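*Asks:* okay, predicted coordinates and the sequence, questions at the end:
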Amino acid sequence: MTTINEINAAYSKEYCDFLEATYGANMLSEGGAEAIDNMFAGIDLTNKKLLEIGSGLGGTAFHLANQHDCHITGLEINPGMTREAQARIPAALTEKIAFACYSTPNLAFDDHHFDIVYSKGVLTHVEDKAPLFKEIYRVLKTDGYFIVDDWLSPTSGQWGPLITRMCETENLALYANTESEYKALLHTTGFFGINMRSENINYERYNREIVAHLTDGTISQTFEAQFGETDYQLAVKNYGLITDAIKNDELLIRWFKAQKSINRN
């Protein structure tokens, strides 16, 4: 099992700087505003209280609070990222957003506290998700929603060769769950009305656009100068691996929306 220290080591400041330069200001995952808006399409966030699991540098929270007039608490296991995200909160959003660091599945909030809990591209780092999902269930209000974008595999406990190669070169520990395992986990931790859809088409495009962006002549020179030729070439290769893995359904990007059951306390 990967420890918090190992995850923090993998997401060093230099690595986060590279991700942010690739994805856009304050972002540590693909798709930018479009991917965030897709996650919450048709869901009213106005004046709602949201909890983000894995808030990174705050980009998702900043976008949602600005667009929907909602209140967001972001949780992150990396202390440095937590401090940086807090320092970056725009002046107009200081009353709407707060970030905190946490280190266990236990969430320091009262029962029935949040309207929505969400996570974007983070939970694949968590091997045993059940304790965290139970806590998410507890802190949600009755009929609250848990919304997730996550990486899944067609094979339980195993990635295909492309993602395996990417994880090895990036020194990342990602845990492979199948669609049926994810649904079962949500169900057994109390959720019902579980909806799932494929985001592969969108995420294949996001990653293909990243490769095109990184290999643009002017951009490539900037990246090489800032991060070094070796890291730059490795990034181009790995985003190509991710693109191909998604295209070939070796990597399954899935969106889930699950509701807190009204039949349990």
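*Replies:* All right, it came through fine.
*Asks:* C-alpha only now, for contacts and for neighbours.
*Replies:* Will do.
*Asks:* need the phi and psi values for residue 144.
*Replies:* The phi and psi values for residue 144, taken as degrees, to the nearest 10, are phi -70, psi 170.
*Asks:* where does the residue lying closest to it once chain neighbours are set aside land in three-state SS?
*Replies:* With sequence-adjacent residues excluded and distances taken as CA to CA, 6 or more residues apart in numbering, residue 144 is closest to residue 115, at 4.8 Å. On the three-state scheme (DSSP: H, G, I helix; E, B strand; the rest coil), residue 115 is labelled strand.
*Asks:* just give me the neighbour total for residue 115.
*Replies:* 20 (other CA atoms under 10 Å).
*Asks:* kindly report the same for the one 4 residues further on.
*Replies:* Taking other CA under 10 Å as the neighbour definition, residue 119 ends up with a count of 20.
*Asks:* over to it. Which of the three states is it?
*Replies:* Applying three-state DSSP: residue 119 is strand.
*Asks:* quick revisit: contacting residues around the residue nearest to residue 144?
*Replies:* When contacts are counted by CA atoms under 8 Å, 6 or more residues apart in numbering, residue 115 touches 48, 49, 50, 140, 141, 144, 145.
*Asks:* what does the helix ranked longest in the chain rub up against?
*Replies:* Taking DSSP state H as the criterion, the chain has its longest helix at helix 229-247. Contacts with helix 229-247, where a contact means CA under 8 Å, 6+ apart, come from 162-163, 166, 169, 200-201, 203-205, 207-208, 210-211, 214-215, 220, 223-224, 251-253.
*Asks:* what do you get for stretch 82-91?
*Replies:* Contacts for stretch 82-91 (CA under 8 Å, 6+ apart): 55, 56, 57, 58, 62, 75, 76, 97, 98, 99, 100, 101.
*Asks:* surely the fourth one and residue 24 touch.
*Replies:* This points to residue 58. No: look at residue 58 against residue 24 with CA atoms under 8 Å: they stay out of range, at 11.7 Å.
*Asks:* could you list the low-pLDDT ranges of the stretch 151-265 of the chain?
*Replies:* 262-265 (pLDDT under 70).
*Asks:* that one: strands as residue ranges?
*Replies:* 191-198, 252-260 (DSSP state E, counting those that start in this stretch).
*Asks:* so which of those strands is the most packed in?
*Replies:* strand 252-260 (a mean of 22; mean count of other CA atoms under 10 Å).
*Asks:* output that strand as CSV, nothing but the C-alphas.
*Replies:* In CSV, the C-alpha atoms belonging to strand 252-260 read as follows (Å, rounded to 0.1, in the frame of the first residue of the first chain):
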residue,chain,number,x,y,z
LEU,A,252,-11.4,3.8,-18.7
ILE,A,253,-12.3,7.4,-17.5
ARG,A,254,-15.6,7.2,-15.8
TRP,A,255,-17.9,9.7,-14.2
PHE,A,256,-20.1,8.6,-11.3
LYS,A,257,-22.9,10.4,-9.5
ALA,A,258,-24.2,8.6,-6.4
GLN,A,259,-26.9,9.8,-4.0
LYS,A,260,-27.0,9.4,-0.2
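*Asks:* who are the packing partners of it?
*Replies:* Helices and strands touching strand 252-260, by 3 or more CA pairs under 8 Å, 6 or more residues apart in numbering; DSSP states H and E, are strand 140-152, strand 191-198, helix 200-214.
*Asks:* could I get those as TSV with distance to residue 16?
*Replies:* Below are the helices and strands packed on strand 252-260 laid out as TSV (distance: least, CA to CA, whole Å):
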stretch	distance to residue 16
strand 140-152	19
strand 191-198	27
helix 200-214	16
